[in-house]
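Q: Below: sequence and its predicted model.
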Amino acid sequence: MPTIVVFSHLRWDFVFQRPQHLLSRLAQHYPVLFVEEPEYDGGAPFMHRSHPAPNVTVCRAHTPIQAPGFHDEQLRLLQPMVAELAPPGEDVIAWFYTPMALPLLQALQPTCVVYDCMDELASFKNPPKQLLQRESALLNIADLVFAGGPSLYEAKKHRHPNVHCFPSSVDVQHFRQALDRGRSHPQQDAIPHPRLGFYGVLDERFDPELVDQVAAARPDWQIVLAGPVVKIETARLPRRPNIHYLGQQSYEALPDLLAGWDVCLMPFAINEATKFISPTKVLEYMAAQLPIVGTPIADVANPYGHVVAIAGDADAFTAACEAALAQTPEQRARMVEAMQAIVAATSWNRTATRMRELIDAAPAHAERRAAARAAAVETGKDAAGAIAIDSAAAPRAGAKVNPLRTHDAHAAAAAAAGTGAAARAGAAAGGSGAATGAGSAGAGSTAVAAAARSAKLG
């Protein structure tokens with residue numbers, strides 16, 4: 001049985017989202033080793049392992065290097081630790097959430113490479129300078145690319161022949177617990193109604209000015225914000241008597257929060273960081289059958305604009321919240337019916353099952369990649385010592401939309417336009433080739449950059 005080795009920029013014990021949903025389900029079929037970014041430790045380097053879910057092992061390297069993330073300075077210490085992760089002789093599926101870990105691939109010699117692109121990380125605040133180069137190299141090496149929403153799918157579908165659109169899904173049974181409105185959460189028990197709530201990370205995607213204006217316009221409304229504050233100064237967060245910060249919440253506690261809310265909010269800023277997001281919470285809110293008000297995020301407004309109230313400024317947002325609070329029984333019944341139809345069309349179980357089917361079909365891709373690698377060895381190496389990546393690929397056609405999302409008109413149109421899978425003519429370096437990284441500090445980015453230049457994708 002193959003082992004999935006995952007490289008993630010997100011901690012497993014951070015907000016429970018796409019990686020945890022998918023990998024905890026795939027762990028029913030494969031051992032999962034979840035490799036996190038290293039943590040600074042002044043002593044000798046070592047790999048700490050923990051077991052947060054059945055058949056899932058979280059691997060967090062402790063190193064005496066303070067450079068953050070999968071930085072080049074970390075690579076010489078991480079390479080030997082990663083090489084020892086999978087049992088000897090066992091097939092490895094390499095699964096990437098961050099292209100920054102690509103130089104570590106050479107330690108694994110995988111039979112299949114998966115890029116689950118859940119965010120456009122280059123659009124986030126302070127991205128690593130090598131991120132775009134490494135993503136280009138990863139797209140050239142990967143056997144499968146999963147896009148986390150329609151906007152990401154549109155951005156990636158011409159860059160790889162085997163792209164599949166898998167938007168955020170939902171565990172309906174978990175969030176239907178919120179239909180018992182008698183459930184309570186101790187942190188909000190003393191907060192009066194009406195309660196308008198949001199849970200999620202408070203970072204550059206969150207619009208503090210919008211929340212402040214809504215709270216100022218309606219001081220009788222209580223705005224509940226549950227989630228960690230990341231990459232923004234806490235001084236930017238609005239402070240009013242009717243705004244309540246509850247901090248990060250466990251996944252198990254979310255239905256208790258929802259049960260006590262009157263309206264669910266998605267107050268996202270409209271900026272580069274939100275251009276490609278597909279918020280998981282929109283379907284979770286729908287499973288709780290609560291009215292939703294959000295800003296015009298493409299992957300919300302396009303498929304769900306008939307259910308989610310979309311508002312472009314503070315006045316419209318406030319008016320939409322007023323309308324949500326004033327719903328008649330007939331309006332609420334129509335809303336619930338539409339929400340039920342949407343959440344019935346998808347689940348994390350079905351998404352994980354379809355991904356597994358694609359992974360199990362991937363050996364043919366791996367064989368083509370191995371043949372291309374052998375051909376590249378025969379034709380020589382580039383000036384940096386990396387096996388050249390052949391850029392003479394046919395146009396990257398044949399990308400796929402997840403057929404499970406049949407209610408999504410955007411996805412259905414894309415599926416109709418993109419039937420069939422083009423055979424991949426491009427070759428990719430992998431295995432022990434230096435194109436996937438090198439053992440000394442700085443050499444990893446040099447090799448990947450060389451591969452990207454060879455591919456004319458840099």
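A: Cool, the structure landed. If you're wondering where the values come from, they're calculated on a predicted model, not measured in any experiment.

Q: spatially speaking, which residue is in the middle of the protein?
A: Relative to the mean C-alpha position of the chain, the nearest C-alpha, by CA atoms, centre = their mean, is the one of M118, at 2.8 Å.

Q: Would you mind measuring from that one to A344?
A: Note on M118: its distance to A344, by CB to CB, to the nearest Å, is 23 Å. Heads up, the C-betas are built off the backbone N, CA and C, glycines and all.

Q: same check, this time on V163
A: Using CB to CB, V163 is found at 26 Å from A344.

Q: Have a look at those two and say which one is more surrounded.
A: For V163 versus A344, the count of surrounding residues by other CB atoms under 10 Å is larger for V163: 27 against 11.

Q: bridging residues for the more buried one?
A: Beta-bridge partners for V163, by DSSP bridges, are V145.

Q: I'd assumed P150 was in contact with it.
A: No: with contacts counted by CB atoms under 8 Å, V163 stays clear of P150, the gap being 11.8 Å.

Q: Span of stretch 278-297 from start to end?
A: 8 Å (CA to CA, to the nearest Å).

Q: model confidence over it, on average?
A: Mean pLDDT, stretch 278-297: 97.

Q: centre of the chain versus that stretch, how much separation?
A: The chain centroid and the centroid of stretch 278-297 are separated by 17 Å, computed with CA atoms, centre = their mean, to the nearest Å.

Q: Pull out the buried residues from it.
A: By neighbour count on 16 or more other CB atoms under 10 Å, the buried set for stretch 278-297 is 278-295, 297.

Q: Distance from stretch 19-33 to the middle of the chain?
A: Its chain's C-alpha centre and that of stretch 19-33 lie 15 Å apart, by CA atoms, centre = their mean.

Q: Pull out the buried residues from it.
A: Of the residues in stretch 19-33, 19-27, 29-33 count as buried by neighbour count, 16+ other CB under 10 Å.

Q: Same check on stretch 82-97?
A: Quick answer for stretch 82-97 (16+ other CB under 10 Å): 82, 85-86, 92-97.

Q: now do stretch 50-59
A: Neighbour-count burial for stretch 50-59, counted by 16+ other CB under 10 Å, picks out 56-59.

Q: Not counting it itself, show me its contacts.
A: Contacts of stretch 50-59 from elsewhere in the structure, counted by CB atoms under 8 Å, 6 or more residues apart in numbering, are 12-13, 20, 23-24, 27-28, 30-36, 47-49, 60, 81, 85.

Q: what's the average pLDDT for it?
A: For stretch 50-59, mean pLDDT is 97.

Q: Let's see it as CSV, backbone CA atoms only.
A: Output of stretch 50-59 as CSV, limited to C-alpha atoms (Å, rounded to 0.1, in the frame of the first residue of the first chain):
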residue,chain,number,x,y,z
SER,A,50,2.3,12.9,16.6
HIS,A,51,-0.9,11.1,15.7
PRO,A,52,-3.9,13.4,15.6
ALA,A,53,-6.1,11.0,13.6
PRO,A,54,-6.2,7.3,12.7
ASN,A,55,-3.4,6.4,10.2
VAL,A,56,-2.2,10.1,10.1
THR,A,57,1.2,11.0,11.4
VAL,A,58,2.2,14.7,11.7
CYS,A,59,5.9,15.2,11.2
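
Q: just for this structure, where's the confidence low?
A: The model of the chain has pLDDT under 70 over residues 122, 125, 363-458.

Q: how is it carved up into domains?
A: What automatic domain parsing lists as the domains of the chain is 3-169+350-454, 172-344.

Q: gap between the shortest one and the chain center?
A: For domain 172-344, the distance between its averaged C-alpha position and the chain's averaged C-alpha position is 20 Å (CA atoms, centre = their mean).

Q: What distance separates the opening and closing residues of it?
A: One end of domain 172-344 to the other measures 8 Å (CA to CA).

Q: ok so, going back, of the buried residues of stretch 82-97, which belong to helices?
A: V82 (DSSP state H).

Q: quick check, nearest of the buried residues of stretch 82-97 to T351?
A: The closest of the buried residues of stretch 82-97 to T351 turns out to be W95 (CB to CB; 14.4 Å).

Q: Please enumerate the strands of the stretch 51-200 of the chain.
A: Along the stretch 51-200 of the chain, the segments classed as strands by DSSP state E, counting those that start in this stretch run 56-63, 92-96, 112-117, 144-147, 163-165, 195-199.

Q: got the buried residues of stretch 50-59 as TSV, with distance to F268 columns?
A: TSV is the format used below for the buried residues of stretch 50-59 (distance: CB to CB, whole Å):
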residue	distance to F268
V56	30
T57	34
V58	29
C59	32
